[in-house]
Structures are given as C-alpha cells and as structure tokens.
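> Give me a model of this one.
(one chain, ligands or ions: 1)
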Amino acid sequence: MNANSPVFRINQEGYAPGLPVRAAVLAGEPVILKNACGEVLRRLVPDISRTDPASGDSVSLLGLGVLEEGDYELECGAARRRLTVREGAWNPVTHALIKGLYYQRCGCGLDPAHAGPWSHPACHTAPASLWEDRGVRRRVTGGWHDAGDYGKYTGPGAVAAAHLIYAWKLFPRGCSGDLNIPESGNGVPDILNEARYELEWILQMQRPDGAFHHKLTKQYFAPFIMPQDDLEPEYLMPAGHCATADACACLALASRVYRAFDEAFAGRMLQASLRAWDWLLAHPEFVSFENPEGVRTGGYRGRTDTDDRFWAACELFAATGEDAFRETAEKLYESGLSLTQFGWADVSGMGVLCCLFDLREAAGEILFSRLREDFLRRSGEALDLSRASGYGTALPADRYVWGSILPILSSAMAMIVNTLLTGRQDMRDAALLQWDYALGLNALDLCFVTGFGERSVMNPHHRPSGADGIEAPVPGLISGGPNKCYCYPQTREKLGDSTPPAKYFLDETPSADTNEIAIYWNSPAIFTGAYFNMLSGG
Ligand SMILES: [Zn+2]
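So this is what the prediction gives:
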C-alpha cells in the first residue's frame with residue numbers, strides 16, 4: 001500500500017466530514033480523486049511552478065473540497081495514496097496526546113492496567129535539597145517529566161496544564177473522553193484529572209514567601225535510563241519571576257475550573273496564586289533566571305516577565321473580580337504585548353484567552369474591545385504565513401527552531417481563537433492545515449505523534465522510549481520536529497548546509513535538537529486537536 005507515497009502528503013490520521021480535505025502533491029501531472037467504488041470524483045491539475053521556501057519542494061496544495069465519510073484514493077501518474085474521511089477521525093489521536101502526559105507522570109508507578117507495556121515502578125520519590133541551602137530537604141513529588149529528560153520546570157508545566165484547562169473550557173466535547181488513567185470514573189473529566197496531577201506538583205513548588213522555584217532537577221541530565229533507575233540527588237533550584245507569575249496565572253485559572261469538582265482544592269490554588277502575586281508586587285524588578293554554576297539542566301529563561309504578569313493579572317481578575325488586577329493587566333497590555341503567542345516563552349496569548357472568553361465584556365473597554373481588535377489584526381499574520389507556504393505551514397523558512405512544532409501550533413491556536421471570535425472559515429481552514437502538518441501533511445511525509453499515522457516518529461529523544469527495551473516508542477508524544485536554527489554539530493554533519501529547514505530532522509534518539517518530545521508541545525496539540533475533534537463529531 002502507498003508504495004509511491006512520496007508524491008502525496010496527507011493527514012495520515014484521516015479527515016473529517018464537513019471540513020476541507022487538503023493534500024499536497026509533488027508532481028505536475030493531473031491528479032484524480034476516486035471514491036471506494038473507483039468512480040472519479042475530481043480531476044485537478046497541480047500548479048507546481050512555485051517552490052516552497054522552507055522545504056525546497058515544488059509542491060501544490062490541492063483542495064479536495066468537503067467529502068462524505070468513506071475511503072478514497074488519489075492518483076497521479078503511477079502514484080497512489082489512500083485517504084479516509086470519517087466522523088471522529090481525530091478522537092483517538094487527541095485523547096492519546098492527553099494520555100501521553102500520563103506516561104510522563106513522575107513520583108508514582110505506572111501500572112500495567114493503565115500503561116500496558118510501558119509500565120514502570122515509581123520514580124524520583126526521594127526528598128529534594130534546596131540548591132541554595134543543601135541542608136534543607138523537602139519531599140516534592142508528582143508532576144510530569146518535562147520532556148525527553150526527567151526534570152520538572154514550573155513555568156512550562158503551568159503553561160501546559162493551562163492549555164489543557166482551556167481546551168476543556170472551550171471545547172469540552174473534543175477532549176472529555178475516558179483515558180484509562182487511575183482516576184478514570186471519579187466523576188471528573190479525565191483531561192482535568194490529568195491536569196490536576198501537574199497542578200498538585202506546582203503547588204508544592206511554592207516557597208513560604210510566595211515565590212515559586214524555577215525547577216526541580218538534578219545538576220545534569222540523566223543518561224538514557226528508566227526513571228526509577230535515576231537516583232542522583234534532585235534540587236529545588238532558585239525561584240524566578242516567570243515561574244512565579246506563570247504558576248500564579250495557572251493556579252488562578254484552575255481555581256475557577258476545579259471549584260465545581262473540589263472546593264477545597266480550588267481554595268488552595270487561589271490562596272497560592274494570591275501569595276505568588278504578593279511576591280511579584282514586592283519584587284517588581286525582573287531578574288532573568290540563570291542556571292546556577294554547575295547546573296546543566298534546562299534554562300527556560302524568559303527575556304521579560306511582562307507577558308507572564310499580564311496573564312496572571314487577567315486570571316486573578318477573573319478569579320477575584322478585584323479592580324486592582326484589571327488595572328494592572330491594562331497597564332501591562334498597553335506596555336506592548338504580542339498577544340498571539342501561547343508558548344512558555346511568551347504567554348500573552350493565554351491572557352487573551354482569559355479576557356476574550358472568560359471575562360468578556362466584564363474585562364472593560366481596553367481588555368475586551370480594544371484587545372479583541374488588536375488580536376484579530378495580529379492573528380492575520382499567521383494566516384499570511386500559512387498562505388506563503390507550499391504546505392500551508394504557518395512558519396517562515398528561517399524560523400525552524402528547536403521545537404518548531406510549538407510556533408506552528410501556537411499559530412494554529414491564534415487562528416482558532418480568531419475563528420471563535422469572527423466565524424471566519426479561512427482562519428479555521430488555515431488552522432486545520434497546522435493540525436494536518438502535525439499528522440503528516442508536511443515535507444517529511446511523517447506523522448509527528450508517536451504511535452499514530454502510516455509513517456510516524458519511531459525514535460524520539462525520550463529516555464523511557466530509549467531505555468525500556470520496547471521497539472515502539474511511548475505513544476501519544478509529539479516530536480519537536482525540524483530545526484535548522486540551533487542544531488547540534490552532529491546533526492549538521494549528517495544533514496549538511498543544503499538540507500532545507502523543513503527537512504532538517506533526524507528520527508534518531510540522540511537528536512534532542514530535532515526529535516525531542518515535551519509536555520508543552522503536546523499541550524497546544526491537545527488544544528488544537530480538541531477543537532477539530534469537536535468539529536469532526538469526535
Ligand atoms: Zn520521575
């Protein structure tokens with residue numbers, strides 16, 4: 001099957017009825033679309049006169065229209081590729097992306113009933129030492145392993161949990177299925193059960209003075225061993241502004257959502273959030289987090305905390321109704337924010353979600369009307385980027401960075417938000433191309449989610465996947481994807497200077513620079529998947 005697949009690039013998890021079906025073709029001959037009975041439905045002539053700048057491919061993005069449920073085949077010369085259209089096409093992959101976070105759980109065993117062959121005993125249960133005062137030890141357990149490593153980082157974790165919470169708030173029908181996790185059946189949607197596992201850990205990362213430790217890691221990344229075998233001492237690293245503001249925002253958001261399920265938990269989160277805010281007020285001067293001498297784990301340095309404070313002020317205004325938070329959020333907004341970014345390095349888009357979908361008119365003229373217009377204008381940039389790409393990918397050729405999947409999915413989120421506000425179908429359809437990208441409609445003909453698609457990532461930079469002796473990687477994890485901006489010398493040696501950015505990728509375990517996984521890459525994929533899964537009847 002699909003022996004000649006390189007001619008076509010498709011969403012390998014299929015398409016949904018009622019939404020446009022697009023496929024990329026890399027040949028100039030006429031393309032025929034047939035249904036399962038062999039009847040010709042469409043004849044299209046690709047225009048491959050344009051070279052896609054990011055991939056170097058002469059490629060044409062074919063619009064196949066909206067198709068009924070069924071199996072189809074694309075033909076181009078001798079090349080054939082099957083594609084399917086069905087209701088709920090993206091339900092399994094969307095829920096697997098959430099379950100992927102369960103596999104990242106730290107501090108507990110993953111039992112065979114929930115983890116199947118990927119089960120393992122509890123890890124990282126020993127007390128951690130304060131980096132700045134080694135004699136002080138605290139037992140801080142739980143949370144998700146951040147990425148391919150076993151570190152845990154407050155800011156990225158808070159953003160990832162918030163993506164899940166907003167996915168549930170905005171698109172509950174797209175992400176509320178049973179995940180077969182230990183809490184399943186407890187009356188709370190599993191996506192919120194999974195997010196709570198991270199929230200409980202974030203709460204423990206708060207210092208008595210209200211600030212949050214930046215991270216809980218060792219001095220160095222572990223070798224490729226299973227988490228339960230990683231016994232080097234862990235440290236609560238110094239506190240930071242971004243970590244504190246992101247935890248503050250996420251906990252205020254979560255306090256509103258979990259109140260319906262657990263009043264006491266919601267109360268704990270709001271109190272922690274308010275104490276974090278007090279610390280931020282008492283420490284107005286931003287200090288960038290720097291790894292202490294001798295520490296080599298992830299940095300996650302923010303360049304500013306303006307966006308983080310903005311998000312926190314918005315969420316606290318929504319949680320308390322106190323005007324002081326709104327006034328602070330207005331000042332921070334007027335100081336200049338991108339508004340369309342949703343990743344850990346710039347969380348201003350998260351504050352936009354709060355203002356436009358939670359607070360709405362209650363946000364006032366500046367944070368609702370003005371911010372809305374501002375957002376709509378700026379999110380047009382994502383659409384322009386998608387239109388400029390041969391594959392419809394909303395990323396310019398020179399921005400294939402470490403974890404390029406994040407800016408691509410962040411653009412998807414911006415365009416989804418635009419669609420929710422305006423009903424614009426061109427925005428929705430361009431957002432869908434980013435989801436298609438993640439699932440195979442890309443220059444590599446690769447589904448970036450482990451365990452899904454016809455051709456998917458097999459060797460992610462992920463310690464359990466590399467050390468468990470199982471051929472298949474842990475499922476439901478999304479690879480960071482091509483990176484030509486900050487790659488390893490050994491990657492450059494293999495791919496050289498001439499490989500185009502969108503193909504700068506190695507499905508090899510050592511290549512953290514192109515093939516790592518991360519909780520905060522899964523999470524925007526969950527948001528995007530939940531939206532399209534909802535539309536596709538999943
Ligand atoms: Zn662990």
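
> where in the stretch 251-400 of the chain is pLDDT low?
With pLDDT under 70 as the threshold, the stretch 251-400 of the chain has no low-confidence stretch at all.

> mind checking which helix or strand the residue in it positioned nearest to the ion is in?
At 13.6 Å from the ion, residue 297 is the closest residue in the stretch 251-400 of the chain, using C-beta to the ion. C-betas here are computed from N, CA, C, even on glycine. Using DSSP states H and E, residue 297 falls within no helix or strand.

> Pull the contacting residues for it.
Residues near residue 297 by C-beta atoms under 8 Å, 6 or more residues apart in numbering: 149, 151, 215, 217-221, 291.

> What distance do you get for it to residue 220?
Distance, residue 297 to residue 220, by C-beta to C-beta, to the nearest Å: 7 Å.

> May I see the PyMOL selection of the buried members of the contacts of residue 297?
To isolate in PyMOL the members of those that are buried, counting by 16 or more other C-beta atoms under 10 Å, one can use:
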select buried, resi 149+151+215+217+218+219+221+291
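
> Need the per-residue pLDDT for the spatially closest residue to residue 185 that is not a sequence neighbour.
Spatial nearest neighbour of residue 185, excluding adjacent residues (C-beta to C-beta, 6 or more residues apart in numbering): residue 178 at 7.6 Å. The model reports residue 178 with a pLDDT of 98.

> Residue 178 touches residue 190, doesn't it?
Yes - between residue 178 and residue 190 a contact is recorded at 5.9 Å, counting by C-beta atoms under 8 Å.

> Between the two, which contacts overlap?
In contact with both residue 178 and residue 190: residue 184, using C-beta under 8 Å, 6+ apart.

> The two: who's more crowded?
Remark: of residue 178 and residue 190, residue 190 carries more neighbours, 23 against 10, as counted by other C-beta atoms under 10 Å.

> residue in the stretch 301-450 of the chain nearest to the ion?
Closest point on the stretch 301-450 of the chain to the ion, by C-beta to the ion, is residue 450, at 19.2 Å.

> my read: that residue touches residue 457, true?
Yes - Residue 450 is in contact with residue 457 according to C-beta under 8 Å; the separation is 5.4 Å.

> Pull up the overlap in contacts between the two.
With C-beta under 8 Å, 6+ apart as the test, residue 450 and residue 457 both reach 473, 479.

> any weak-confidence spans in the chain?
Scanning the chain for pLDDT under 70 picks out 1-5.

> Residue numbers of it in contact with the ion?
Within reach of the ion by C-beta under 5 Å from the ion, the chain has these residues: 106, 123-124, 227.

> switch the cut-off to 6 Å
106-107, 123-124, 145, 150, 227 (C-beta under 6 Å from the ion).

> Let me know the closest of the residues you listed to residue 19.
In terms of C-beta to C-beta, no member of the residues of the chain next to the ion lies closer to residue 19 than residue 145, at 34.1 Å.

> For the nearest residue to that closest one once chain neighbours are set aside, give its distance to residue 182.
The shortest distance from residue 145 to any non-neighbouring residue, by C-beta to C-beta, 6+ apart, is to residue 104 (4.6 Å). According to C-beta to C-beta, residue 104 stands 14 Å off from residue 182.

> So for those two, which residue has more residues nearby?
A direct count of neighbours by other C-beta under 10 Å for residue 104 and residue 182 places residue 104 higher, at 28 against 16.

> who's in contact with the more buried one?
Listed by C-beta under 8 Å, 6+ apart, the contact set of residue 104 reads 144-146, 519.

> Determine the longest helix present in this protein.
Longest helix in the chain, counting residues (DSSP state H): helix 263-282.

> So residue 394 sits against residue 429, correct?
No - when contacts are counted by C-beta under 8 Å, residue 394 is not listed as touching residue 429 (12.0 Å).

> Tell me which of those two has more neighbours.
Taking neighbours as other C-beta under 10 Å, residue 394 and residue 429 compare with residue 394 leading, 26 against 18.

> helix, strand or coil for the more buried one?
Using DSSP: H, G, I helix; E, B strand; the rest coil, the structure places residue 394 in coil.

> how about the strands in the stretch 251-400 of the chain?
Applying DSSP state E, counting those that start in this stretch to the stretch 251-400 of the chain gives no strands.

> Hmm, I typed the wrong one, I wanted the chain.
8-9, 20-25, 31-35, 40-44, 60-66, 70-76, 79-85, 128-130, 133-138, 152-153, 215-217, 235-236 (DSSP state E).

> Which of those strands has the highest mean neighbour count?
strand 152-153 (a mean of 31; mean count of other C-beta atoms under 10 Å).

> check contacts around the closest residue in space to residue 445 that isn't next to it in sequence.
Counting by C-beta to C-beta, 6+ apart, the nearest residue to residue 445 once its immediate chain neighbours are dropped is residue 9, at 5.5 Å. By C-beta under 8 Å, 6+ apart, the residues touching residue 9 are 23-26, 59, 391, 440-443, 445.

> what do you get if the cut-off is 10 Å, keeping everything else the same?
Shown in contact with residue 9 (C-beta atoms under 10 Å, 6 or more residues apart in numbering): 22-26, 57, 59, 61, 81, 391, 436-437, 440-446.

> which neighbours do residue 394 and residue 429 share?
383, 386, 415.

> before we move on, the earlier item: pick the one among the contacts of residue 297 closest to residue 463.
Among the contacts of residue 297, residue 149 lies closest to residue 463 (C-beta to C-beta), at 6.7 Å.

> mind checking how far that closest one is from residue 230?
Remark: distance between residue 149 and residue 230 (C-beta to C-beta) = 10 Å.

> Could you do residue 22 as well?
Distance from residue 22 to residue 230, by C-beta to C-beta: 43 Å.

> next one: residue 83
Separation of residue 83 from residue 230 (C-beta to C-beta): 42 Å.

> Residue 263 too?
Distance of residue 263 to residue 230, given as C-beta to C-beta: 37 Å.

> got it, and residue 328?
41 Å.

> show me what contacts residue 179?
Contact partners of residue 179, counting by C-beta under 10 Å, 6+ apart, are 95-96, 98-102, 114, 189-191, 193-194, 476.

> hang on, the earlier thing: could you export the residues of the chain next to the ion as JSON lines, including distance to residue 269?
Shown next, in JSON lines, are those (distance: C-beta to C-beta, whole Å):
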{"residue": "106", "distance to residue 269": "20"}
{"residue": "107", "distance to residue 269": "19"}
{"residue": "123", "distance to residue 269": "25"}
{"residue": "124", "distance to residue 269": "23"}
{"residue": "145", "distance to residue 269": "22"}
{"residue": "150", "distance to residue 269": "25"}
{"residue": "227", "distance to residue 269": "27"}
